[in-house]
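S.K.: Output the structure for:
(chains A and B)
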Amino acid sequence: QKEVEQDPGPLSVPEGAIVSLNCTYSNSAFQYFMWYRQYSRKGPELLMYTYSSGNKEDGRFTAQVDKSSKYISLFIRDSQPSDSATYLCAMRNQGGKLIFGQGTELSVKP
Amino acid sequence: EPEVTQTPSHQVTQMGQEVILRCVPISNHLYFYWYRQILGQKVEFLVSFYNNEISEKSEIFDDQFSVERPDGSNFTLKIRSTKLEDSAMYFCASSAGQGFGYTFGSGTRLTVV
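M.R.: Numbers count the residues shown, from 1 in each chain, chains lettered A, B, ... in the order given. This next block holds a predicted model:
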């Protein structure tokens, strides 16, 4: 089983839709969870950073962590064409090494 | 907003040549990292660096790779004898500490021919 699994998509939604992106993981030592957005041939841009189980909201973005199920989600409300990008989940244990998911390619159509 | 700066943005080199990729992390950050992403694949960890020494490295980071923080601002990745399979985007990242996220640079696209 891979340490971090993420559906690569592609995922296509109409403008204004709620987008749900998910990752599962197998390593129960992971304690820190992040979501990054990556545009083509650019560096990952940090969107959300969470530590504990539960929800964290920042504008149109909500990150959700369920440690008991080893499942994390990112919700994007009122999606915009400018949200079109690849979304990467990443997680780490105390050691500091980030393990990334494959990335989900999102396209928001006007 | 503070950012991680990487140079060059694109480097083409011949197989067997040495390359140095340069990074300027965010000034008050203490932890530094190199990751790479082969086209179409996951972002992969290479090495972490803290307190002027390597704290962790992956199996990819073999004797051909080295890192250095030659002064208070730069952080470099050296590949001694490049191979075709080293062609990838190389990302530098930095972090203020364990309770903080990682900020990535825009990357250096390395092409080995």
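S.K.: use CA for all of it now, contacts and neighbours both
M.R.: Fine.
S.K.: ok, which stretches of chain A are strands?
M.R.: A:4-6, A:11-14, A:19-25, A:32-38, A:45-50, A:54-58, A:61-66, A:71-76, A:85-92, A:99-100, A:104-109 (DSSP state E).
S.K.: for chain B, same thing?
M.R.: Using DSSP E, strands in chain B cover B:5-7, B:10-13, B:19-24, B:31-37, B:43-50, B:53-57, B:65-68, B:75-79, B:88-95, B:103-104, B:108-112.
S.K.: which residues touch the shortest one?
M.R.: When you say that, I think you mean strand B:103-104. For strand B:103-104, contacts defined as Cα atoms under 8 Å, 6 or more residues apart in numbering or on different chains pick out A:Gly43, A:Pro44, A:Glu45, A:Leu46, B:Glu3, B:Val4, B:Phe91, B:Cys92, B:Ala93, B:Ser94, B:Ser95.
S.K.: burial measure for the residue in chain B that chain A sits nearest to, as a count.
M.R.: Sorted by distance to chain A under Cα to the nearest Cα, the residues of chain B start with B:Ser106, at 4.2 Å. Residues lying near B:Ser106 (other Cα atoms under 10 Å in any protein chain shown) number 23.
S.K.: and A:Asn93, which of the strands of chain B is closest to it?
M.R.: Distance to A:Asn93, taken as Cα to Cα, is lowest for strand B:53-57 among the strands of chain B, at 12.7 Å.
S.K.: Parallel or antiparallel, list what pairs with that closest one.
M.R.: strand B:43-50 (antiparallel) (DSSP bridges).
S.K.: Contacts only, for A:Arg41.
M.R.: Residues in contact with A:Arg41 (Cα under 8 Å, 6+ apart) are B:Met89.
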